[in-house]
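**Student:** Quick one: sequence and predicted model below, then my questions.
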Amino acid sequence: MSSKGDITHEGKVVAVNPQFTTVEITSSSACASCHAAGLCGMGEVQEKAIQVPTGLSADYAVGEQVEVVLKATMGLKAVWLAYAVPLFILLAVVLVLLRLGLGELLSAGAGLGAVALYYFIIWLLRARLRNTYVFTLRKLNKQQ
């Protein structure tokens with residue numbers, strides 16, 4: 001995080017079209033920067049492509065280094081949707097069914113089914129969520 005209210009990642013513009021500007025960012029795990037990451041094989045680095053609406057980024061060129069920016073509040077909301085809510089659903093379903101006298105295996109299966117249903121609903125709402133989580137671009141001010 002570079003500024004107080006933003007989550008940023010450095011990236012490179014790989015495509016610009018009338019609808020979207022595509023930026024490629026490198027996402028790495030915490031141990032990817034460790035000096036011994038090559039020895040233990042735990043360092044994970046992934047290339048990810050992020051699409052930003054071109055209307056917000058019309059003056060960028062292919063190959064240009066940029067920062068992809070997301071408001072920190074949107075990142076927190078994403079963590080709640082992806083991790084916290086499913087955990088609460090799982091625990092609630094399992095505990096309620098155990099309290100009602102169902103077996104552990106059936107309760108656990110129903111809990112996992114409830115979480116799967118939750119993620120399916122999130123998948124159905126992906127277009128609405130895509131409009132909620134809008135990335136912006138910022139030019140890098142690196143001295144070369």
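**Tutor:** Arrived safely, thanks for sending.
**Student:** For the rest of this, base every contact and every neighbour count on C-alpha atoms.
**Tutor:** OK.
**Student:** So, low pLDDT: which residues of the chain?
**Tutor:** 1-5, 27-45, 55-58, 72, 141-144 (pLDDT under 70).
**Student:** change it to 50
**Tutor:** 1-2, 143-144 (pLDDT under 50).
**Student:** got the phi/psi numbers for the residue positioned nearest the centre of it?
**Tutor:** For the chain, the residue nearest the mean C-alpha position is A78 (7.0 Å; C-alpha atoms, centre = their mean). When quoted as degrees, to the nearest 10, the phi and psi of A78 stand at phi -60, psi -40.
**Student:** Would you mind measuring from it to V69?
**Tutor:** Separation of A78 from V69 (C-alpha to C-alpha, to the nearest Å): 14 Å.
**Student:** any chance you could map the strands in the protein?
**Tutor:** Ranges of strands within the chain are 6-16, 20-28, 45-53, 65-71, 136-139, based on DSSP state E.
**Student:** would you list those in CSV and tack on distance to P86 and mean neighbour count?
**Tutor:** CSV is the format used below for these (distance: least, C-alpha to C-alpha, whole Å; neighbours: other C-alpha atoms under 10 Å):
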stretch, distance to P86, mean neighbour count
strand 6-16, 24, 19
strand 20-28, 24, 19
strand 45-53, 25, 15
strand 65-71, 23, 20
strand 136-139, 28, 17
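**Student:** Quick one: closest of the ones you listed to I121.
**Tutor:** strand 45-53 (22.8 Å; C-alpha to C-alpha).
**Student:** That closest one pairs with which strands, parallel or anti?
**Tutor:** strand 20-28 (antiparallel) (DSSP bridges).
**Student:** tell me the angle the partner strand makes with strand 6-16.
**Tutor:** 130 degrees (axes from the mean of the first three to the mean of the last three C-alpha atoms, to 10 degrees).
**Student:** tell me how far strand 20-28 is from the chain's mean position?
**Tutor:** 12 Å (C-alpha atoms, centre = their mean, to the nearest Å).
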